[in-house]
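Chemist: okay, predicted coordinates and the sequence, questions at the end:
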Amino acid sequence: MSHADNNGPLKGLRVVEMGTLIAGPFCGQILGDFGADVVKIEDPGTGDPMRQWGRSLPKGLSPWWPVIGRNKRSVTLNLRTPEGREIAGKLIDQADVLIENFRPGTLEKWGMGYEALSARNPRLIMARVSGFGQTGPYASRAGYGLIGEAMGGLRHVTGEPDRPPARAGISIGDSLTAMHAVMGITMALHARTNTGRGQVIDAALYESVLAVMENLVTEYDLTGYVRERSGSILPGIAPSNVYPCAGEGMILIGGNGDTVFARLCETMGRPDLAKDPKFVDHAARGTNQHELDQIIAAWTKGFELDALLALLEEKAIPSGRVFRAPDMLENEQYLARDAIVETDHPVFGKVKMQNAFPKMSETPGAVRWPGPELGQHTDEVLGGLGLDTARVAELRAKGVV
């Protein structure tokens, strides 16, 4: 796809991204997926560290960058120079949205705080992504995703109860913060239609994690109960777990509702379990959760994964495999909904990645191009500001771009 294929709902929205790593750039990725013109400002020397991140670097490049950099235009600017900040200011003057995830106070030090920027562009919406927010005693602390996940309560409840807190397997704190920033931006855009003015979105890592922690705080406040790590189960909800199959297969089964549990018992050839006082209702099954899981596991071990999935589907019992990347690329549901798309990369060739979500019936998002080369659009974007080729070349020679 290309610029001309943009049918997204945010088409025409001008965004300047001054973030690095994940939290800020994922915010920009989402906006770009849905049609916004995202101009990403990167340091001329190395660019966003995500260009080098990853377990492996096929052909010397990160497989991470094509995803988080997609649908963006890359401009190199040294914001530590007066000339770099002047050019950035001109870009922001024309922007609807600015995304930044520097440590709080950095932009103010450069004379680019919201008060200064909005004086020149009153309609500007500024999304500020940080570990602890722009205010409070922790504001100036460095705040990476793992710290925000811990402070927001997620790390303590993740993992097995007899082991230290575990990581979710992805940078979930960063991603949640980016999503909250996007929510703030879209709400601010709506508010701007009524007021004509932009505003600041202050998205903190720890608060974005806290927002999805369900009743963790309220339960403690009312009962004194501190939620702990519970591994693969949901305490008091049974059966709802991962169970072993023949070989190395694993299956997830959710049969905690009374009618679903009765069907599961019939399928297992154990209709007596549904009438057993230890399992007869939701509360009883929760109390005897461990024993019930052992009974189910002994049964699932006698089946190959695919055969058991087919059987449980036939009996309308919620179940599923634990998906890995190879499973996603072959799965019929993924294929039917184009959940994975393929885009052309100048070095990798064809590259597969997740599509733009959620799906929209009239103005869908799309992956129009993968993450660009460092500074690929510098001449194009600066030319749009009135800087001619000679001036851009002069700035490049001075290390400004």
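Modeler: Received it, and whenever you're ready, just let me know what you need.
Chemist: what helices and strands are in contact with the longest helix seen in the chain?
Modeler: Secondary structure assigned by DSSP state H gives helix 172-195 as the longest helix of the chain. On a contact count with 3 or more C-beta pairs under 8 Å, 6 or more residues apart in numbering; DSSP states H and E, helix 172-195 meets helix 23-33, strand 125-130, helix 145-151, strand 200-204, helix 205-210. In short, each C-beta sits where N, CA and C put it, glycine included.
Chemist: please enumerate the strands of this protein.
Modeler: 14-18, 37-42, 72-76, 97-100, 125-130, 200-204, 240-244, 250-254, 319-321, 340-345, 349-354 (DSSP state E).
Chemist: relative to residue 25, which of these is closest?
Modeler: Ranking the strands of the chain by distance to residue 25, with C-beta to C-beta as the measure, places strand 14-18 first at 6.6 Å.
Chemist: show residues contacting the closest one.
Modeler: Applying C-beta atoms under 8 Å, 6 or more residues apart in numbering, the contact partners of strand 14-18 are 24-25, 27-28, 31-32, 36-41, 72, 79, 88, 91-92, 94-102.
Chemist: what does stretch 74-85 give?
Modeler: 18, 39-44, 47, 87-88, 91, 110-112, 372-378, 381-382, 395, 398-401.
Chemist: state the mean pLDDT of that stretch.
Modeler: The average pLDDT within stretch 74-85 is 98.
Chemist: count the neighbours of the residue nearest to residue 347 when sequence neighbours are not counted for me.
Modeler: Of all residues not flanking residue 347 in the chain, residue 59 sits nearest, at 5.5 Å (C-beta to C-beta, 6 or more residues apart in numbering). The burial count assigned to residue 59 is 9, neighbours taken as other C-beta atoms under 10 Å.
Chemist: you'd agree residue 59 is up against residue 346?
Modeler: No. Using C-beta atoms under 8 Å, residue 59 is not in contact with residue 346, being 10.6 Å away.
Chemist: distance-wise, check the residue in the chain sticking out farthest from the centre relative to residue 279.
Modeler: The centre of the chain is farthest from one residue, residue 272, which by C-alpha atoms, centre = their mean lies 44.6 Å away. Distance from residue 272 to residue 279, counting by C-beta to C-beta, to the nearest Å: 9 Å.
Chemist: CA atoms only for stretch 113-131, dumped as PDB, please.
Modeler: Taking Å, rounded to 0.1, in the frame of the first residue of the first chain, the C-alpha atoms of stretch 113-131 are listed here in PDB:
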ATOM      1  CA  GLY A 113       6.800  23.100  26.800                       C
ATOM      2  CA  TYR A 114       3.100  23.100  26.100                       C
ATOM      3  CA  GLU A 115       2.600  26.700  27.100                       C
ATOM      4  CA  ALA A 116       5.100  27.800  24.500                       C
ATOM      5  CA  LEU A 117       3.900  25.500  21.800                       C
ATOM      6  CA  SER A 118       0.200  26.200  22.300                       C
ATOM      7  CA  ALA A 119       0.800  29.900  22.200                       C
ATOM      8  CA  ARG A 120       1.800  29.400  18.600                       C
ATOM      9  CA  ASN A 121      -0.600  26.600  17.800                       C
ATOM     10  CA  PRO A 122      -3.700  26.800  20.200                       C
ATOM     11  CA  ARG A 123      -5.200  23.700  18.500                       C
ATOM     12  CA  LEU A 124      -2.200  21.500  19.400                       C
ATOM     13  CA  ILE A 125      -2.900  18.300  21.300                       C
ATOM     14  CA  MET A 126       0.200  17.100  23.200                       C
ATOM     15  CA  ALA A 127       0.300  13.500  24.400                       C
ATOM     16  CA  ARG A 128       3.000  13.200  27.100                       C
ATOM     17  CA  VAL A 129       4.000   9.600  27.900                       C
ATOM     18  CA  SER A 130       6.100   9.000  31.000                       C
ATOM     19  CA  GLY A 131       6.700   6.500  33.800                       C
END
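Chemist: now what about stretch 359-370, what contacts it?
Modeler: Under C-beta under 8 Å, 6+ apart, the answer for stretch 359-370 is 1-3, 5-9, 11, 33-35, 65-67, 69-71, 337, 341, 343-345, 351, 353, 355-357.
Chemist: tell me the contacts of residue 63?
Modeler: 54, 56, 57.
Chemist: mind doing that once more with 6 Å?
Modeler: residue 54 (C-beta atoms under 6 Å, 6 or more residues apart in numbering).
Chemist: start at 46, not 1
Modeler: Understood, numbering begins at 46; the last thing we discussed is residue 108.
Chemist: closest to the centroid, which residue in the chain?
Modeler: residue 220 (3.2 Å).
Chemist: can you pull the pLDDT of it?
Modeler: Looking at residue 220, its pLDDT is 98.
Chemist: distance of it relative to residue 70?
Modeler: 11 Å.
Chemist: for residue 416, grab phi and psi.
Modeler: Note on residue 416: backbone dihedrals following degrees, to the nearest 10 are phi -50, psi 130.
Chemist: burial of it, as a residue count?
Modeler: 27.
Chemist: isn't it up against residue 111?
Modeler: Yes. In terms of C-beta atoms under 6 Å, residue 416 counts as a neighbour of residue 111; the distance is 4.7 Å.
Chemist: hang on, the earlier thing: buried ones in the longest helix of the chain, by neighbour count?
Modeler: 217-231, 233-234, 237 (16 or more other C-beta atoms under 10 Å).
Chemist: for the protein, give me the ranges with low pLDDT.
Modeler: Within the chain, the stretches with pLDDT under 70 are 46-49.
Chemist: and if we set it to 90?
Modeler: 46-50, 64, 99-100 (pLDDT under 90).
Chemist: got a markdown table for the helices and strands packed on helix 217-240, with mean neighbour count and distance to residue 265 too?
Modeler: As requested, the helices and strands packed on helix 217-240 are exported to a markdown table (neighbours: other C-beta atoms under 10 Å; distance: least, C-beta to C-beta, whole Å):
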| stretch | mean neighbour count | distance to residue 265 |
| --- | --- | --- |
| helix 68-78 | 28 | 28 |
| strand 170-175 | 27 | 26 |
| helix 190-196 | 21 | 16 |
| strand 245-249 | 23 | 21 |
| helix 250-255 | 22 | 13 |
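Chemist: cool, thanks, signing off.
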